[in-house]
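Colleague: the following block contains a protein sequence and its predicted model.
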Amino acid sequence: MMSFEMNDRKKIGLGLTGFGVFFSFLGIIFFFDKGLIAMGNILFFAGVVLTIGLKSSAQFFMKRSNFKGTISFGVGFFLVIIGWPIIGMIVEAYGFVVLFSGFWPTLAVFLQKMPIIGWLFQQPFVRSHEVKVHDVQIPVCILL
């Protein structure tokens, strides 16, 4: 059975994941700076591994249905490291969407329940624009 308590390892993992997203964002803002994007990728990956655990991470990334996303994410990471940050980020973004496509419905429900912007995601014109990815309905606004 999975443990949902928040221990120090998970807190550190969430912090590393946040810093990874922040450094990747800075790398994009500074005209695709490969150093910041590479650091963001390393921190993000380390944060995910610390948050969900080494065994769960290996099972998630090596699941047969996630091979396409794992390979795309890895190739994109390699392209960023060797100095092609724009192409690498595009390939990584594709891999990220494929890997985490199962989490989009959960994210959509979470966004609908947020106090300030939740009403926007509950509007009929937003809910009616859904895209089917891997047999899952995804609101278009989440993909943008």
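Modeller: It's in. Numbering: from 1, shown residues only.
Colleague: now do the contacts for the residue nearest the centre of the chain.
Modeller: With distances taken as Cα atoms, centre = their mean, the residue of the chain nearest its centroid is Phe96 (5.3 Å). By Cβ atoms under 8 Å, 6 or more residues apart in numbering, Phe96 lies in contact with Gly69, Phe73. C-beta coordinates here come from the backbone N, C-alpha and C atoms, glycine included.
Colleague: so it versus Met89, what's the distance?
Modeller: Per Cβ to Cβ, to the nearest Å, Phe96 is found 10 Å from Met89.
Colleague: Phe31 too?
Modeller: From Phe31 to Met89 the distance is 12 Å (Cβ to Cβ).
Colleague: between those two, point out the one with more neighbours.
Modeller: Between Phe31 and Met89, Met89 has the larger neighbour count (other Cβ atoms under 10 Å), namely 22 against 8.
Colleague: which strand or helix spans the more buried one?
Modeller: Element membership for Met89 (DSSP states H and E) is helix 85-99.
Colleague: for that helix, buried residues please.
Modeller: Using 16 or more other Cβ atoms under 10 Å as the test for burial, helix 85-99 gives Pro85, Gly88, Met89, Val91, Glu92, Tyr94, Gly95, Phe96, Val97, Val98, Leu99.
Colleague: list just the nearest of those residues to Gln112.
Modeller: Distance to Gln112 across the buried residues of helix 85-99 (Cβ to Cβ) is lowest for Val97, with 20.2 Å.
Colleague: could you measure from the closest one over to Lys68?
Modeller: Using Cβ to Cβ, Val97 is found at 11 Å from Lys68.
Colleague: now do the strands in the chain.
Modeller: Assigned by DSSP state E, the chain shows strands spanning 130-133, 136-139.
Colleague: and Ser101, how far from Asn66?
Modeller: According to Cβ to Cβ, Ser101 stands 9 Å off from Asn66.
Colleague: model confidence at the residue lying closest to Ile117 once chain neighbours are set aside, what's the number?
Modeller: What sits nearest to Ile117 in space, not counting adjacent residues and going by Cβ to Cβ, 6 or more residues apart in numbering, is Leu111, at 6.9 Å. The model reports Leu111 with a pLDDT of 79.
Colleague: right, I'll call it a day here.
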